[in-house]
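Undergrad: sequence and predicted model, in that order:
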Amino acid sequence: MKHIDNWLNRITMYSLAAYYLVFLLVVATLLSFAHILPIDPWALLFTTGFLIAVCWLTNTIFAKAFGVPANVESSYITALILALIITPLTGYPDLVTIGWIAVLAMASKYIIAIRGKHLFNPAAFAVALTALTLNQTASWWVGSGPMLPFVLIGGVLLVRKLRRWGMVASFFAATLLTSLALTALAGSDLIVTLQQMLVASPLLFFAFVILTEPLTMPPTRRLQIVYGALVGFLFSPQVHFGSFYITPELAILMGNCFSYLVSPKQKLVLTLKDKIHLGSDLWDFIFVPSRPLSYAPGQYMEWTLDHPEPDSRGNRRYFTLASSPTENNLRVGIKFPADASSYKQALLSMDGATRIAAAQLAGDFTLPRNPRHKCVLIAGGIGITPFRSMIKYLLDRNERRPITLFYAARTINDIVYHDVFNTARLKLGIRTIYTLTDRNRVPTTWKGGVGHISAEIIRSEAPDYQECVFYLSGPNAMVTEFEQTLIEMGVHRRQIKKDFFPGFA
């Protein structure tokens, strides 16, 4: 399991989704050749290639027309989803219809959008509109018995990467409970209904792929659980309004409407104001937004940087905002490893003429509403960025809170934002306990701690730790390990918050 988690941490969410969808199509093709699936394998291969071409071309044209970065990964993923839910073409009329669906899917991201943020899942919108106008419905053929184990295996990995178990669980619970309750009221066989839902419906694929699309889900965990339950209720095949039955694509579109109402609605185009070498492999980027952004300290955004020849990790990343909402500019702190991706190389070469897009403001890694609530902030490496946002916000508002910050860095040159933390100590009484983890590079004049943050250090510097809310931010291995340490210290899981964004930064 550790090896799987390490692999998931190295791959972007979008790359994993694309690999998963390709895997399903490869399996479906093999099963078709073996006559296990009632699908023409050559038609499936041609349809998939055709959809990829049309989605890519349409996306490229609209991106240039609207002057925004083209998300190539997004066009591929949408095409692959359509290939899995639309019956492969059998003749020229089908070719026209399928091509039209692909065009609608990509166009919806640009046309059915407010302030640059699209409202609906592109694939669902396209098939729903085609069903209403041309009476051509999606078959959702991926939801079949032979595909079930493959959908399940890959889907679990995808949700594990996204960490959206709560939302997916609420969807399953709402769907199954609604279906079984309505089945019982109708006097039908519960076992047959349950079997059909699990084996002969797109339930799993829908939950793992359609429901979890990041850009159309709500920003916080609580709202995501409500979102999952709402879509799950609507997804139940027995739910209808008179003679009108809700299809899977209509269920997600209705859920998208709810998500839009409760989500931030901004998509920004930013220009680079400054980039600062903080030390070692750490850089600070300061951007001027196209319009003011309202956010809570500790939240993250998805950043899209169009650049030539992107590698397999694509042109999108999730970065936590290091700036405070009280500042006019947006700031992100980024680590550049030796094998930096094409995205980060392009980021490092940015100048004032380059544009970068930021959207999907989200995250629950925010300070408690009660200012008297005691907090312990624990950061490792570049995981310090959300804490810079929080503490700068408190400084600018002159708001005192009972906070202790533990900050672990490899060397003294890796410590960043110390000006903010030193000022907070003097003005707000917020203590920062520094520790260097590379014992071989500790200066003789160093007065802070040496080694990793331990339970003993926590007990010593925060003796009332069992009354505190803990915020953990840093490399995934460090966060996971320290979460276990806190639990062994008697800290309840409800008192632990972890910085998380879907994807690879």
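TA: Cool, the structure landed.

Undergrad: surely Thr271 touches Arg355?
TA: Yes. In this structure, Thr271 sits in contact with Arg355. The criterion is CB atoms under 8 Å, and the distance is 6.3 Å. All C-beta atoms are positioned from the backbone trio N, CA, C, and that covers glycine.

Undergrad: now the helices: where do they sit in the stretch 201-350 of the chain?
TA: Using DSSP state H, counting those that start in this stretch, the helices of the stretch 201-350 of the chain run over 203-205, 221-235, 248-262, 342-348.

Undergrad: quick one, what contacts Pro38?
TA: Shown in contact with Pro38 (CB atoms under 8 Å, 6 or more residues apart in numbering): no residues.

Undergrad: got it, and the one 10 residues further on?
TA: By CB under 8 Å, 6+ apart, the contact set of Thr48 is 25, 79-80, 83.

Undergrad: using a markdown table, please lay out these together with neighbour count, distance to His240 and pLDDT.
TA: Listed next are the contacts of Thr48 as a markdown table, based on neighbours: other CB atoms under 10 Å; distance: CB to CB, whole Å; pLDDT from 0 to 100:
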| residue | neighbour count | distance to His240 | pLDDT |
| --- | --- | --- | --- |
| Leu25 | 18 | 32 | 97 |
| Ala79 | 28 | 31 | 97 |
| Leu80 | 23 | 30 | 97 |
| Ala83 | 28 | 29 | 96 |
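
Undergrad: give me the neighbour count for Pro325.
TA: Other residues near Pro325 number 18, with proximity taken as other CB atoms under 10 Å.

Undergrad: for it, which non-adjacent residue is spatially closest?
TA: Take Pro325 and drop its neighbours on the chain: the residue closest to it by CB to CB, 6 or more residues apart in numbering is Tyr295, 5.6 Å away.

Undergrad: determine which two of the contacts of Thr48 are furthest apart.
TA: Of all pairs drawn from these, the one with the longest distance (CB to CB) is Leu25 and Ala79, at 10.3 Å.

Undergrad: Glu302 against Val332, yeah?
TA: No. Proximity of Glu302 to Val332 does not meet the contact threshold set by CB under 8 Å, at 11.8 Å.

Undergrad: list the contacts for Val450?
TA: For Val450, the residues meeting the contact criterion (CB under 8 Å, 6+ apart) are 435-436, 439, 442.

Undergrad: let me see the ranges of the helices in the stretch 51-200 of the chain.
TA: Secondary structure of the stretch 51-200 of the chain by DSSP H, counting those that start in this stretch: the helices cover 72-85, 92-111, 122-134, 148-162, 165-186, 190-199.

Undergrad: most tightly surrounded among those?
TA: Of all those, helix 72-85 has the most neighbours on average by mean count of other CB atoms under 10 Å, namely a mean of 24.

Undergrad: give me the angle between it and helix 122-134.
TA: Helix 72-85 and helix 122-134 are oriented at 50 degrees to each other (axes from the mean of the first three to the mean of the last three CA atoms, to 10 degrees).

Undergrad: wait, is Thr404 part of a strand?
TA: Yes. When DSSP: H, G, I helix; E, B strand; the rest coil is applied, Thr404 is found to be in a strand.

Undergrad: burial measure for it, as a count.
TA: By the other CB under 10 Å criterion, the neighbourhood of Thr404 contains 19 residues.

Undergrad: same question, Lys374
TA: When neighbours are defined as other CB under 10 Å, Lys374 has 17 of them.

Undergrad: that one against Asp464, yeah?
TA: Yes. Using CB under 8 Å, Lys374 makes contact with Asp464 at a distance of 6.5 Å.

Undergrad: quick one, what contacts Ser243?
TA: Under the contact definition (CB under 8 Å, 6+ apart), no residues are listed for Ser243.

Undergrad: send the alpha carbons of the longest strand seen in the chain over as PDB?
TA: Ranked by residue count and defined by DSSP state E, the top strand of the chain is strand 268-279. Coordinates of each C-alpha in strand 268-279 appear next as PDB, following Å, rounded to 0.1, in the frame of the first residue of the first chain:
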ATOM      1  CA  LEU A 268      -8.600  34.900 -12.900                       C
ATOM      2  CA  VAL A 269      -6.000  35.700 -15.500                       C
ATOM      3  CA  LEU A 270      -2.800  36.900 -13.800                       C
ATOM      4  CA  THR A 271       0.400  38.600 -14.800                       C
ATOM      5  CA  LEU A 272       3.700  38.000 -13.000                       C
ATOM      6  CA  LYS A 273       4.800  40.900 -10.900                       C
ATOM      7  CA  ASP A 274       7.900  39.400  -9.300                       C
ATOM      8  CA  LYS A 275       9.700  36.100  -8.600                       C
ATOM      9  CA  ILE A 276      11.900  35.800  -5.600                       C
ATOM     10  CA  HIS A 277      14.600  33.200  -5.000                       C
ATOM     11  CA  LEU A 278      13.900  32.300  -1.400                       C
ATOM     12  CA  GLY A 279      16.800  30.000  -1.000                       C
END
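
Undergrad: mind checking pLDDT for Arg10?
TA: With respect to pLDDT, Arg10 has a value of 68.
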